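Student: A predicted structure for the sequence below; I have some questions about it.
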Amino acid sequence: MGGGGDGARKLATAVEFVHSATLLHDDVVDLSNMRRGKKAANLIWGNSASVLVGDFLFARSFTLMVETGDIQVLDILSRAACVIAEGEVMQLAAANDAETTRERYMDIIAAKTAALFSAAGKAGAVVAGRPGAEATALETYGRELGLAFQLVDDALDYGGLSATMGKNAGDDFREGKVTLPLVFAREAGDESERTFWRRVISGERTDDDFHRAVALIRRHDGIALTLQAARDHAARAKTALEILPANAYREALADLPDFVVERAY
């Protein structure tokens, strides 16, 4: 593995531009006030500036993709950009819907988070001239790593520290997002608990509701079950690497799933 030269650098930059654009747009849509431990850009410069800069980063990323001179890379990442946008719409449609299923939740994070990880893995192999089987393996690796990352992130929202997370604990709850810890708690709870979830996710919340939400999620092992799911996806990511040559690059990639899961502890 390795290689790609200037094309790989442009590709890496393009992927990060797409990632940054989605974060800027996310913070506007979600009305977030913190990003990576600092005040969100839209609170500093306004929603209009954040959306326009996000649009510019998307446009610039495609310029860089074209400059790689590889139509397959452009196809991989342009398709991923479409999937990510679809994921944003899916998440918006599911907002404030306490009946969101586990399957729908997984579809959303597969589109929003895992799609970019997956595309970056496959495109990196293509631009480096690796065989098709290795490109497919890295596509799988990226998808599973992305799912593990988002599952841990969603678990931390109900049990993490702002300093570690780079955002405020409870942001997902206050934004009416149904994530896997909540789904586990709702499925295991009684009717009075499901009534509580319907009320708070619909937007009728009091200052004490987040504390009760955390208590219910812990009662039904929502955080532990979510982290176990993250570990399962992390293990699949590492398994996907077995087809690759044994070298320092593979070792570095194999360390990432463990790092993603361990940040929860």
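Tutor: Everything's here; your move. Keep in mind the model is a prediction, meaning the values are calculated, not measured.
Student: specify the local secondary structure of the closest residue to residue 112 other than its chain neighbours.
Tutor: In space, residue 112 comes closest to residue 87 once its chain neighbours are excluded; the distance is 3.7 Å by CB to CB, 6 or more residues apart in numbering. Every C-beta, even on glycine, is put in place using the N, C-alpha and C of the backbone. Using DSSP: H, G, I helix; E, B strand; the rest coil, the secondary structure recorded for residue 87 is helix.
Student: can you report how many residues neighbour residue 87?
Tutor: For residue 87, the number of neighbouring residues by other CB atoms under 10 Å comes to 21.
Student: so it sits against residue 106, correct?
Tutor: No: under the criterion of CB atoms under 8 Å, residue 87 lies out of contact with residue 106, with a separation of 11.3 Å.
Student: and stretch 216-225, end to end?
Tutor: 13 Å (CA to CA, to the nearest Å).
Student: run through the stretch 51-200 of the chain and note the low-pLDDT ranges.
Tutor: In the predicted model, the stretch 51-200 of the chain carries pLDDT under 70 at residues 160-168.
Student: which outside residues touch stretch 237-249?
Tutor: Taking contacts as CB atoms under 8 Å, 6 or more residues apart in numbering, the residues outside stretch 237-249 that touch it are 1-2, 133-134, 137-138, 140-142, 144-145, 148, 250, 253-254, 256-258.
Student: kindly recompute the last result at 7 Å.
Tutor: By CB atoms under 7 Å, 6 or more residues apart in numbering, the list of residues contacting stretch 237-249 from outside reads 1-2, 133-134, 137, 140-141, 144-145, 148, 250, 253-254, 257.
Student: kindly report the same for stretch 199-212.
Tutor: Counting by CB under 7 Å, 6+ apart, the neighbours of stretch 199-212 from elsewhere in the structure are 96, 98, 170, 173, 176, 178, 196, 213.
Student: what about 10 Å?
Tutor: Stretch 199-212 has contacts (CB atoms under 10 Å, 6 or more residues apart in numbering) with 95-100, 158, 169-170, 173-178, 182, 186, 193, 196, 198, 213.
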